[in-house]
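what shape does this take:
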Amino acid sequence: MTYYQKFHVPAGTFQVDTRKPLVLQAYLNSCVGVALFDPEAGVAGLYHILLPEPVSGKTEYNREKYAATGLPLFLGHLVREGADISRLQAVIAGGALAGKVSNQDIRLDIGGRTAEVVKEVLGKHGIQVLLSETGGFFTCCLNFNLETFEYEVIPALLSEDTPPDEETNGRISCLDDIQPIPQVALKILRMIGEDNYGIQYLSQEVRKDQVISAQVLKHCNSAVFCGKGGIDSIDDALLIIGQTTLAKIVTAMAVKKLLNNSYTGYSLTKGGLYHHAIGVALVAEKIASLSGKASPFAAYSAGLTHDLGKVVLDQFVSGARPFFYREIMGENDLVETENRLLKTNHTKAGFKLARKWELPPSIINTIRHHHTPEEAEDHLELVTIVSVSDTLFHMFSAGPSLHKVDMNSLSRRLELLGMSIADFPAIVDAIPHQVLSGSPELAIT
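Here you go, the predicted model:
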């Protein structure tokens, strides 16, 4: 039996290759996936498309995000690898109205319009469509085997009807069992919350923690930073990469160890919780800059820590995993399912943990209300920024997601930030490309 390694194609990108034992995957909600292959030439690829066409009026944008501009690039790449357009065959999937469908979803019809543009472009080139499974109300996964050219479109989360461990209900792990974030990171987060941090104090605090210092220096000299090399002290790091980037790396490294311990429950893949945290942090930083409603660094920090409660509950989600995922695939959202199966949810658990660690009120409020920002009595705009960022990252990031997107809520929350759903394409354009890839760390710089 041949073992096939799997490669997740991030939103706004395509992957082209020749025959090999590899399965290309795209998890699709409103996004549309297109597999194109030339069996005779042995060339194929998979394209994960976010939106139908650019409408923001920007002079520069990522062409791969849009069907109208990215699909011709995809075709050109296939031809350069040896494919003949006259022999190409296509499989199309995605474009769903997943989650709680609203009038806003139907009016925007992002997935439906993207699928229409795809079919129009393929039709102009006379490309045969073997399978088109678009629309519907569920997130799906498009799998394409580069060796056999076999394909399938399946529900994103397949599960067994296994009941949860009854002992899980009503029993939440003791918060004292959670290893706290290093003091240096906690101090930085508190300084950010008070909007009071200076370069000299930051350097002093980082040097006090030898483990964090070593991790930061290793990171600064890694390929993530283009292999700069020669950064052998925290002072050098400050001079070369700057105060804000250093603070972002310190907090990211601290949170990484905490979140990477959780990979059998919420995250679906090892490192998934951490990559999600980094992604949401960087999207929040960008939206804060665009809206002017919060400090970008404060938004980054709040985004980085918004899901701390999942660390507390992860072991119980792992124990009830098949049943938990089946429930998520139904009508209930994540928090509703947690409340029913675990008698609590990750926002409540994270709220308690953040208070125990004496995190800044802005971060505590974000953890507590990032799914319901309208309920936040303080730091409303910051909480809303993280909520919107969380939604966008779930919509467009690589890999499966447990989060259901409600476009009506997204529209209301954008209005709170002085933006509208009409700004949606411009917001997507502004998200750094690496944030949506499998390694959001690349976008820190």
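
got the residue ranges for the strands in the protein?
5-8, 13-18, 22-28, 32-38, 43-49, 89-94, 128-134, 140-145, 151-155 (DSSP state E).

quick one: average pLDDT of the fourth one?
Averaged across strand 32-38, pLDDT comes to 96.

related to what we said a few turns ago, now the strands of the chain in JSON lines, with distance to L313?
Quick note: C-beta positions are derived from backbone N, CA and C, even for glycine. Shown next, in JSON lines, are the strands of the chain (distance: least, CB to CB, whole Å):
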{"stretch": "strand 5-8", "distance to L313": "25"}
{"stretch": "strand 13-18", "distance to L313": "32"}
{"stretch": "strand 22-28", "distance to L313": "23"}
{"stretch": "strand 32-38", "distance to L313": "31"}
{"stretch": "strand 43-49", "distance to L313": "30"}
{"stretch": "strand 89-94", "distance to L313": "30"}
{"stretch": "strand 128-134", "distance to L313": "34"}
{"stretch": "strand 140-145", "distance to L313": "25"}
{"stretch": "strand 151-155", "distance to L313": "24"}
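
mind putting those in TSV, distance to V311 and mean neighbour count included?
Formatted as TSV, the strands of the chain follow (distance: least, CB to CB, whole Å; neighbours: other CB atoms under 10 Å):
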stretch	distance to V311	mean neighbour count
strand 5-8	23	14
strand 13-18	30	19
strand 22-28	23	23
strand 32-38	32	28
strand 43-49	29	27
strand 89-94	31	23
strand 128-134	36	15
strand 140-145	27	23
strand 151-155	27	16
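
which one, of these, ends up nearest to A426?
With CB to CB as the measure, strand 43-49 is the member of the strands of the chain nearest A426 (17.7 Å).

ok, that closest one: who's next to it in the sheet?
Strand 43-49 sits in its sheet next to strand 13-18 (antiparallel), strand 32-38 (antiparallel), going by DSSP bridges.

walk me through the domains of this structure.
Listed by automatic domain parsing, the domain ranges of the chain are 5-155, 166-443.

if we can go back for a sec, looking at the strands of the chain, which is closest to Q434?
strand 13-18 (10.4 Å).

angle of the closest one against strand 140-145?
On the basis of axes from the mean of the first three to the mean of the last three CA atoms, to 10 degrees, strand 13-18 is oriented at 20 degrees to strand 140-145.

what distance separates strand 13-18 from the centre of its chain?
21 Å (CA atoms, centre = their mean, to the nearest Å).

could you number the chain from 691 rather than 1 from now on?
Let's use 691 as the start, then, which means that last one is strand 703-708.

hmm, who's touching that strand?
697, 699, 714, 732-738, 754, 760, 763-764, 767-768, 771-772, 836, 1123, 1126-1127 (CB atoms under 8 Å, 6 or more residues apart in numbering).

burial of F1083, as a residue count?
Neighbours of F1083 under the rule other CB atoms under 10 Å: 27.

I figured it hits V1125, correct?
Yes - with contact defined as CB atoms under 8 Å, F1083 reaches V1125; the gap is 7.4 Å.

how about stretch 896-906: buried residues?
Under the neighbour-count criterion of 16 or more other CB atoms under 10 Å, stretch 896-906 has V896, D899, I902, S903, Q905, V906 buried.

now render those as JSON lines, adding distance to E806.
Listed next are the buried residues of stretch 896-906 as JSON lines, based on distance: CB to CB, whole Å:
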{"residue": "V896", "distance to E806": "52"}
{"residue": "D899", "distance to E806": "54"}
{"residue": "I902", "distance to E806": "51"}
{"residue": "S903", "distance to E806": "54"}
{"residue": "Q905", "distance to E806": "48"}
{"residue": "V906", "distance to E806": "48"}
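
and those as JSON lines, adding pLDDT and distance to T941?
Listed next are those as JSON lines, based on pLDDT from 0 to 100; distance: CB to CB, whole Å:
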{"residue": "V896", "pLDDT": "76", "distance to T941": "11"}
{"residue": "D899", "pLDDT": "71", "distance to T941": "12"}
{"residue": "I902", "pLDDT": "74", "distance to T941": "10"}
{"residue": "S903", "pLDDT": "77", "distance to T941": "14"}
{"residue": "Q905", "pLDDT": "73", "distance to T941": "12"}
{"residue": "V906", "pLDDT": "74", "distance to T941": "10"}
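
now do the helices in the stretch 891-1040 of the chain.
Using DSSP state H, counting those that start in this stretch, the helices of the stretch 891-1040 of the chain run over 900-910, 924-931, 933-950, 962-981, 986-995, 999-1009, 1011-1018, 1024-1032, 1036-1046.

before we move on, the earlier item: what touches both of F1083 and V1125?
G969, V973.
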